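Asker: sequence first, predicted coordinates after that:
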Amino acid sequence: MRAFASMVRVTMRQVVGGRRWIVLGLLALLPAVVMWFASIDPSPPGAFERYNDVPLPTLLLLVVPIVTLVIGSGALGDERRDGTLSFLLLRPIRRSTIAAAKLTAAWLAASLIAGSAGFLASFVLAVRADTWITLAPTLVAVLLATAGYTAVFMVLGHVTSRAVLIGLVYVFVWESGISFAAPSLANVSLSRIGLTAYVGMLPETASALGEPLGALAPGAGGALAKALGIALVCILVGAFLLKRMDATSE
Amino acid sequence: MTTSPAVVTGATVEVREASKWFGQKVAVSDVTCSFGPGLSGLLGPNGAGKTTLLRMICGLLSPSDGSVSVLGSDPRRDHRVYRRVALVPEEDAVYGFLTARGFVSYAADLSGVSRSGVERAIQTVDLAAAADRPIAGFSKGMRQRAKVAAALVTDPDLLILDEPLNGTDPVQRAHLIDTFRRLGAAGKTLIVSSHVLAEVERMADRVIAIVDGRLAAAGSVLAIRQAMADIPYRIRIDSDDPRTIAANLVATECVTSVAVAGNTLHVETSDLPDLGRRVPQVAKDLGVRLTAFEPEDESLESVFRYLVRRRT
């Protein structure tokens, strides 16, 4: 347990170190800024609907994927790049413990940044429209989407040094493009994990956001199960790769 | 049955017919050797395959062929063996944002050992004064010592050091060499790789030499040298009249060549004991004063040069 806690603590400092913290922090302001400008116009639809139209997609389709891509791919990728992977592997620790600690740390760090983005966007909505109704659904959506994305990007970061590039292609081509163009593919979209949780916790908006969900049933329970399932699979895959792959530094 | 000098009894580490290739490049080829308690040197030029062999021993690389056993286990399959193994890698494998104390404590946490050994490990490498500074601001030598401290904190039975003295100044180097020798004398198994031959010569009781990924020689420096009977010994003789001595020695059967440079006579001989008896006698008979009679090639530098030349 001490090894796990130490790994989480050090990894959190590692993945948000240097300029990353500043760049990702600025990115986290984007949904709030968008919400501010979106709510200036007093004509219909109202600020609540506008939140669902622009700031929420900005959060779930841009901020969460990019934050998790940078942080998740660095969780194991930075160790490989910096040559410190051997420092972890030559320890009497299960490989699955290493993968789980890395994912936990990356998820916590990414959630802190993306969660702040969600909070700020909801805060702007509260200031402009006097309602906090989106706060809890947004935070739950961010936490669950972050878990799914971080897990996948952690594995990606371990297997290739071009994880950020590949991840960006995945985010913009698949998540924001193909999976929205074909609603039947919603089931294999990570961003929908957050959306289903959000819609499930905020039934009033279900009709407005129903289309992107395709055949998915709104609900935080299903989203939680899916996020946990993806995290578990990625931990097992990460552990397998740590055990089988040669630990060569780049 | 003959026993290879590359193999020792009571081995901690056994490498059997191990090969490693990366695509078309063969990094290690069919190496069989073993390491027991004490300090062993792994010698070879840059790119010889030392690091690859050490990483196979650690379990960081899987052999493409053959096998590696560490403390009776396959390190790729049984991670519990890492309770007793530590590596000081060649590269800067440190977390720059941690302090030296934080880095060594992290190593203790990951290995499941008490943090009570952290201070001792830091003091052993003489890093106490800088222990609370971030490693990012350390010199190369200080980083090396931080890595050594992180390895020592677990009190390993097997300590693998890949070019551990890189970047250290002469005082630090002497201190680390002394530390390694003490650990070896205490019954720990230490494998130290280096391409700086004088370092290995100062540290190691036993040497495994690798050239082009293959085992080139094994044993003590002297034993390796004596095993290469086909290569003459080079002896340096300083005197006040080297030409007279050269004229007398050149006719003898044991001398294969002579060369004079100033007051120094360089002699190549196939029979060192015979030359050792003959030279003082010749000098005495001719009234020449000898000031030096030294083998030029018992240093690892010359042994290594021979090995490389022999392979090429």
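Answerer: That came through, no problem. Residues are numbered from 1 along each chain as shown, chains lettered A, B, ... in the order given.
Asker: domains of chain B?
Answerer: B:13-226, B:227-311 (automatic domain parsing).
Asker: comparing these by mean pLDDT, which bottoms out?
Answerer: Taking each of those in turn, the lowest mean pLDDT turns up on domain B:227-311, with a mean of 81.
Asker: residue 77: neighbour count?
Answerer: Here I'm looking at chain A. 25 (other Cβ atoms under 10 Å in any protein chain shown). The way it works is simple: take the backbone N, C-alpha and C, and place the C-beta from them, glycine included.
Asker: nope, chain B please
Answerer: Counted with other Cβ under 10 Å, B:Arg77 comes out at 9.
Asker: for it, what are its contacts?
Answerer: By Cβ atoms under 8 Å, 6 or more residues apart in numbering or on different chains, no residues touch B:Arg77.
Asker: which non-adjacent residue is nearest residue 150?
Answerer: By default, I'm working from chain A. A:Gly72 (4.0 Å; Cβ to Cβ, 6 or more residues apart in numbering or on different chains).
Asker: correction: the question concerned chain B.
Answerer: Excluding the flanking residues, the one nearest B:Ala150 by Cβ to Cβ, 6+ apart is B:Ala107, at 3.9 Å.
Asker: what does B:Pro75 give?
Answerer: Nearest-residue entry for B:Pro75: B:Gly59, 2.9 Å, with adjacent residues in sequence omitted and distances by Cβ to Cβ, 6+ apart.
Asker: get me the contact residues on chain A for chain B.
Answerer: Counting by Cβ under 8 Å from any Cβ of the partner chain, the residues of chain A lying close to chain B are A:2-3, A:5-7, A:10, A:13-14, A:17, A:82-84, A:86-95, A:243-244, A:246-249.
Asker: 6 Å instead?
Answerer: Residues of chain A found near chain B, taking Cβ under 6 Å from any Cβ of the partner chain as the criterion, are A:2-3, A:6, A:10, A:13, A:17, A:83-84, A:86-87, A:90-92, A:246-247, A:249.
Asker: highest mean neighbour count out of the domains of chain B?
Answerer: For the domains of chain B, ranked by mean neighbour count under the definition mean count of other Cβ atoms under 10 Å in any protein chain shown, the leader is domain B:13-226 at a mean of 20.
Asker: run the chain-centre distance for that one.
Answerer: For domain B:13-226, the separation from the chain centroid amounts to 11 Å (computed by Cα atoms, centre = their mean, to the nearest Å).
Asker: could you do stretch A:123-134 as well?
Answerer: What separates the centre of stretch A:123-134 from the centre of its chain is 23 Å, taken as Cα atoms, centre = their mean.
Asker: distance between the ends of it?
Answerer: Between the opening and closing residues of stretch A:123-134 we find a distance of 9 Å, counting by Cα to Cα, to the nearest Å.
Asker: and for stretch B:82-97?
Answerer: As for stretch B:82-97, its first-to-last residue distance stands at 25 Å under the measure Cα to Cα.
Asker: next: stretch B:60-69.
Answerer: Stretch B:60-69 has an end-to-end distance of 13 Å (criterion: Cα to Cα).
Asker: ok so, going back, checking the residue nearest to B:Ala150 next. Helix, strand or coil?
Answerer: Using DSSP: H, G, I helix; E, B strand; the rest coil, the secondary structure recorded for B:Ala107 is helix.
Asker: in this structure it contacts B:Ala151, no?
Answerer: No. With contact defined as Cβ atoms under 6 Å, B:Ala107 and B:Ala151 do not form a contacting pair (7.4 Å).
Asker: could you give the mean pLDDT of the top helix by length along chain A?
Answerer: Of all the segments of type helix in chain A, defined by DSSP state H, the longest one is helix A:95-129. For helix A:95-129, the mean pLDDT works out to 94.
Asker: give me every residue that touches the residue nearest to A:Thr150.
Answerer: Contacts were defined as Cβ atoms under 6 Å, 6 or more residues apart in numbering or on different chains; by that measure A:Gly72 touches A:106, A:150, A:153-154.
Asker: of the residues you listed, closest to chain B?
Answerer: For chain B, the closest of the contacts of A:Gly72 turns out to be A:Ala106, at 15.8 Å, with distances computed as Cβ to the nearest Cβ.
Asker: apart from its chain neighbours, what residue comes closest to that closest one?
Answerer: What sits nearest to A:Ala106 in space, not counting adjacent residues and going by Cβ to Cβ, 6+ apart, is A:Ala75, at 4.0 Å.
Asker: test my guess that the one you found contacts A:Leu108.
Answerer: No. Taking contacts as Cβ under 6 Å, A:Ala75 lies outside contact range of A:Leu108: 10.8 Å.
Asker: the two: which is more packed in?
Answerer: In this view A:Ala75 and A:Leu108 are compared by other Cβ under 10 Å, and A:Ala75 has more residues nearby, 30 against 18.
Asker: quick one: the strand or helix carrying that one to helix A:95-129, angle?
Answerer: Assessed by DSSP states H and E, A:Ala75 sits inside helix A:64-82. Angle between the axes of helix A:64-82 and helix A:95-129 is 150 degrees (criterion: axes from the mean of the first three to the mean of the last three Cα atoms, to 10 degrees).
Asker: list the buried residues for helix A:64-82?
Answerer: Neighbour-count burial for helix A:64-82, with 16 or more other Cβ atoms under 10 Å in any protein chain shown as criterion, is recorded at A:64-80, A:82.
Asker: and the longest helix of chain A, how far out from the chain middle?
Answerer: Put simply, helix A:95-129 sits 7 Å off its chain's centre (Cα atoms, centre = their mean).
Asker: helices or strands up against it?
Answerer: Here helix A:95-129 is seen to pack against helix A:2-15, helix A:20-28, helix A:30-38, helix A:47-53, helix A:64-82, helix A:135-159, helix A:220-244 when contacts are counted using 3 or more Cβ pairs under 6 Å, 6 or more residues apart in numbering or on different chains; DSSP states H and E.
Asker: buried ones in it, by neighbour count?
Answerer: Neighbour-count burial for helix A:95-129, with 16+ other Cβ under 10 Å as criterion, is recorded at A:95-125, A:128-129.
Asker: thinking again about what came up before, okay if I get the helices and strands packed on helix A:95-129 as a markdown table plus mean pLDDT?
Answerer: Compiled in a markdown table, those are given as follows (pLDDT from 0 to 100):
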| stretch | mean pLDDT |
| --- | --- |
| helix A:2-15 | 93 |
| helix A:20-28 | 91 |
| helix A:30-38 | 90 |
| helix A:47-53 | 81 |
| helix A:64-82 | 93 |
| helix A:135-159 | 95 |
| helix A:220-244 | 93 |
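Asker: so who does the residue most central in space within chain A touch?
Answerer: Against the mean C-alpha coordinate of chain A, by Cα atoms, centre = their mean, the closest residue is A:Thr146 at 2.4 Å. Under the criterion of Cβ under 6 Å, 6+ apart, the neighbours of A:Thr146 are A:64, A:68, A:110-111, A:114.
Asker: switch the cut-off to 8 Å
Answerer: A:64, A:67-68, A:107, A:110-111, A:114-115.
Asker: tell me which of these is nearest to chain B?
Answerer: A:Ala110 (18.4 Å).
Asker: against A:Ala38, how distant is the closest one?
Answerer: Counting by Cβ to Cβ, to the nearest Å, the gap from A:Ala110 to A:Ala38 is 25 Å.
Asker: please save the CA atoms from the one helix or strand B:Arg236 maps to in CSV.
Answerer: Counting by DSSP H and E, the element that carries B:Arg236 is strand B:233-239. Written as CSV, here are the backbone C-alpha positions of strand B:233-239 (Å, rounded to 0.1, in the frame of the first residue of the first chain):
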residue,chain,number,x,y,z
TYR,B,233,54.3,-9.6,-23.5
ARG,B,234,55.4,-6.1,-23.9
ILE,B,235,58.1,-5.0,-21.4
ARG,B,236,59.5,-1.5,-20.9
ILE,B,237,63.2,-1.4,-19.8
ASP,B,238,64.7,2.0,-18.7
SER,B,239,68.5,2.2,-18.5
